[in-house]
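**Student:** quick one, fold the following:
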Amino acid sequence: MLGAREPSRPAVKLRQELPKPLMLARDGMLRQEGNGLVFRFIGREMRFEDGRIDWTAPGSGAENQLLRMNMAYMEYLEEVDDGLFANLVDQWLTKNATLHPGAWRDSWNSYALSIRIVVWLQQLSARKDRLEPALLERMTDSLARQVGWLERHLETDIGGNHLVKNIKALLWAGAAFEGTQALYWQRLGRRMLVRELERQILSDGVHYERSPSYHAQVFVDLLECRVAIPDQLPALDAALSGMAQATADLAHPDGFCAQFNDAGLTMAYTPSVCLDAFVELGFERPKPRRAFAFRDAGYFGWRDDRLTLIADCGPIAPDALPAHGHGDVLSFELSSGQQRVIVDQGVFEYVSGRKRALSRATRSHNTLAVADSDQAEFFGAFRMGRRPRVLLKEWAENAKGVVLEGQHDGYTHLQGSPEHHRRIKVYADGIVIRDLLEAGLPITARIGFLLHPEVAVEQVKDGMFLLCPRGAPTLILTSTSQIVAETAVWWPDMGKEQSTTRLAANITDARSGAETHIYFAKAC
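**Tutor:** Below is the predicted model of the structure:
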């Protein structure tokens, strides 16, 4: 690509009636300050004092790509009035309508295109009769070119949630435009959707990338696909029903999702908002179950009025798409009442470096780590070489709790070929965790428990008091190994960091095992 050029325009015409948005408008991405604009994404702000946007302002480095892409998504159009909407779209069309060198990285990136196409079409369904005819014509012309470009640059190499976004854009374009090419977009999108449902939605209803946040994103994408499909698709409805139950189960009492793998509290619509949309389409709202087992995904859990446990005992990620996987096999999260107590590390950024490596490292998660080794061989921002095989040994439910036992071979490349076994038992007053390494020689190990920043720690003779805010029951953590409190950080969302505490048990010879009890303190 030697210079700027305009993509070809398919011969399609915008329909008079467009599909209606399913989801409520989002906010918090853009605000006006005088004549200026302030954008906020992934914990960072960009200011344009005169209101004129420099679309390259975040900088050209890889560390800024996600920021540039968020600018290109244009999801912030949902929260502005008609005047600012017209201004923002006009600025984008003036600077980005042509394929300039490097445009494939952000403004014409297929993932960004897919999001922006749907945002524009949804906004047009509500605003087109109020827009100036000249702007409407420019938007329509650009949309046709954007969809035509996307059709020729689908992310079949990446797959996963990216390809679902591509499919949704094709389906919405097929429903919003008329003409032979629009019919082709609809048929192509439908054909790809059926194939990806079988590939990406596990039989237990969890998205195969095994991130609760990306599960929620794909769930909403598929709900919006259903809006754009003119007739019923049984395979889609079946997938949506399974995903709805998983969405309900993989949520904590605070209303936000679990954070296994690359996940954040607000990286997607909240579980309740997802399920509201599911009900809006005529489905029955699922209830969170007391005990649940997603055996294909590897997520298991228990909830009652006092305790919520969600544990990971399954593959890190799909073998062909390990990008969002972490070394969190046999890790868990815990809530007391409405309060998160033991939390997953989370993810701060997608740029290769110290924080990205730490977010994926086994020692950052609530499981057993051997020295500085990881359960899998992570490299770069999204790559993985060696990975563990995970075995579910037991899952049992009873009236008062559950038992989960599993093992993995992620450390068998080390001297002594250690295998990690963990057994978690939930009973009426708390949980018991037993960790053991089967190895041919003595192995030192470390077990970590990352606490929510609002949970205070008080050391007592027999262990640690975990003092929860807002009236949530106090817990006591004890271990057969000495427990120490360490300074740590938690990443609740991309670009957000909070200081907190990690409790760590250091084990001299993990072949003899370690037992940790976490139970409710008795009232005085």
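
**Student:** what about the helices in the protein?
**Tutor:** 65-73, 82-96, 110-127, 133-152, 160-176, 180-200, 212-228, 234-249, 271-280, 354-360 (DSSP state H).

**Student:** name the residues of the longest one that are buried.
**Tutor:** Within helix 180-200, the residues that qualify as buried are 181, 182, 185, 186, 188, 189, 190, 192, 193, 196, 197, 200, counting by 16 or more other CB atoms under 10 Å. For the C-beta atoms, the positions are set from N, CA and C on the backbone; glycine is no exception.

**Student:** same deal with stretch 506-517?
**Tutor:** Within stretch 506-517, the residues that count as buried by 16+ other CB under 10 Å are 507, 510, 511, 514, 516, 517.

**Student:** ok, stretch 113-126 next?
**Tutor:** Neighbour-count burial for stretch 113-126 [16+ other CB under 10 Å]: 113-125.

**Student:** ranking the helices of the chain by burial, who's on top?
**Tutor:** Ranked by mean neighbour count under mean count of other CB atoms under 10 Å, the helices of the chain are led by helix 160-176, which reaches a mean of 25.

**Student:** which strands or helices does that one pack on?
**Tutor:** Applying 3 or more CB pairs under 8 Å, 6 or more residues apart in numbering; DSSP states H and E, we find helix 160-176 packed against helix 110-127, helix 133-152, helix 180-200, helix 212-228.

**Student:** any low-confidence regions in the stretch 251-400 of the chain?
**Tutor:** Along the stretch 251-400 of the chain, the model assigns pLDDT under 70 to no residue.

**Student:** repeat that for 90
**Tutor:** Within the stretch 251-400 of the chain, the stretches falling below the threshold (pLDDT under 90) are 371-372, 399.

**Student:** tell me which stretches of it form strands.
**Tutor:** Assigned strands in the stretch 251-400 of the chain, in chain order: 291-294, 299-303, 307-312, 332-336, 339-342, 368-369, 378-379, 383-384, 390-398 (criterion: DSSP state E, counting those that start in this stretch).

**Student:** out of the buried residues of stretch 113-126, which is nearest to residue 493?
**Tutor:** Here the nearest of those to residue 493, counting by CB to CB, is residue 115; it sits at 18.4 Å.

**Student:** per-residue pLDDT, that closest one?
**Tutor:** Per-residue confidence at residue 115 stands at 98 (pLDDT).

**Student:** just give the closest residue to it, not the sequence neighbours.
**Tutor:** With CB to CB, 6 or more residues apart in numbering as the measure, residue 73 is the residue that lies nearest to residue 115, at 4.3 Å, once sequence neighbours are left out.

**Student:** wait, that neighbour touches residue 112, no?
**Tutor:** Yes - the criterion here is CB atoms under 8 Å, and residue 73 meets it with residue 112 at 5.8 Å.

**Student:** mutual contacts of the two, please.
**Tutor:** For the pair residue 73 and residue 112, no residue contacts each of them under the criterion CB atoms under 8 Å, 6 or more residues apart in numbering.

**Student:** sorry, back to before: so for residue 48, which of the strands of the stretch 251-400 of the chain sits nearest?
**Tutor:** Comparison of the strands of the stretch 251-400 of the chain against residue 48 by CB to CB identifies strand 383-384 as nearest, at 35.5 Å.

**Student:** how far off centre is the closest one?
**Tutor:** The chain centroid and the centroid of strand 383-384 are separated by 18 Å under CA atoms, centre = their mean, to the nearest Å.

**Student:** ok, for residue 493, nearest residue in space, not its chain neighbours?
**Tutor:** Spatial nearest neighbour of residue 493, chain neighbours left out: residue 264 (3.9 Å); criterion: CB to CB, 6+ apart.

**Student:** residue 451 too?
**Tutor:** Nearest one to residue 451, counting by CB to CB, 6+ apart, is residue 501 at 4.8 Å.

**Student:** quick one, grab the pLDDT at that neighbour.
**Tutor:** What the model reports for residue 501 is a pLDDT of 98.

**Student:** and the pLDDT at the spatially most central residue of the chain?
**Tutor:** Centroid-nearest residue in the chain: residue 213, 2.4 Å away (criterion: CA atoms, centre = their mean). Reading off the per-residue confidence, residue 213 sits at a pLDDT of 98.

**Student:** correct me, but it touches residue 257?
**Tutor:** Yes - Residue 213 lies in contact with residue 257 (CB under 8 Å); the separation is 6.1 Å.

**Student:** list residues touching both of the two?
**Tutor:** Shared contacts of residue 213 and residue 257, counting by CB under 8 Å, 6+ apart, come down to 263, 268.

**Student:** and for residue 295, the neighbour number?
**Tutor:** By the other CB atoms under 10 Å criterion, the neighbourhood of residue 295 contains 15 residues.

**Student:** actually residue 352, not the one I typed
**Tutor:** Here the neighbour count serves as a burial measure; for residue 352 (other CB under 10 Å) it reads 15.

**Student:** look up how far residue 61 lies from it.
**Tutor:** Spatial separation of residue 352 from residue 61 under the definition CB to CB, to the nearest Å is 12 Å.

**Student:** go on, residue 68?
**Tutor:** If you measure residue 68 against residue 61 using CB to CB, the figure is 10 Å.

**Student:** same thing with residue 367?
**Tutor:** Using CB to CB, one obtains 34 Å as the distance from residue 367 to residue 61.

**Student:** so between the two, which is more surrounded?
**Tutor:** When residue 367 and residue 61 are compared on other CB under 10 Å, the one with more neighbours turns out to be residue 367, at 25 against 9.

**Student:** that one: what's it in contact with?
**Tutor:** When contacts are counted by CB under 8 Å, 6+ apart, residue 367 is found next to 328, 329, 330, 331, 332, 420, 422, 447, 448.

**Student:** 7 Å instead, please
**Tutor:** Residue 367 makes contact with 328, 329, 330, 331 under the criterion CB atoms under 7 Å, 6 or more residues apart in numbering.

**Student:** that older thread, the helices of the chain: which one's closest to residue 55?
**Tutor:** Distances from residue 55 to each of the helices of the chain were compared using CB to CB; the minimum, 5.4 Å, belongs to helix 82-96.

**Student:** give me the contact list for that closest one.
**Tutor:** 53, 55, 74, 77, 80, 107, 123, 127, 130-132, 135, 138-139, 142.

**Student:** could you dump the contacts of residue 367 to a markdown table with distance to residue 92 and neighbour count?
**Tutor:** Formatted as a markdown table, the contacts of residue 367 follow (distance: CB to CB, whole Å; neighbours: other CB atoms under 10 Å):
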| residue | distance to residue 92 | neighbour count |
| --- | --- | --- |
| 328 | 39 | 26 |
| 329 | 43 | 29 |
| 330 | 46 | 30 |
| 331 | 42 | 26 |
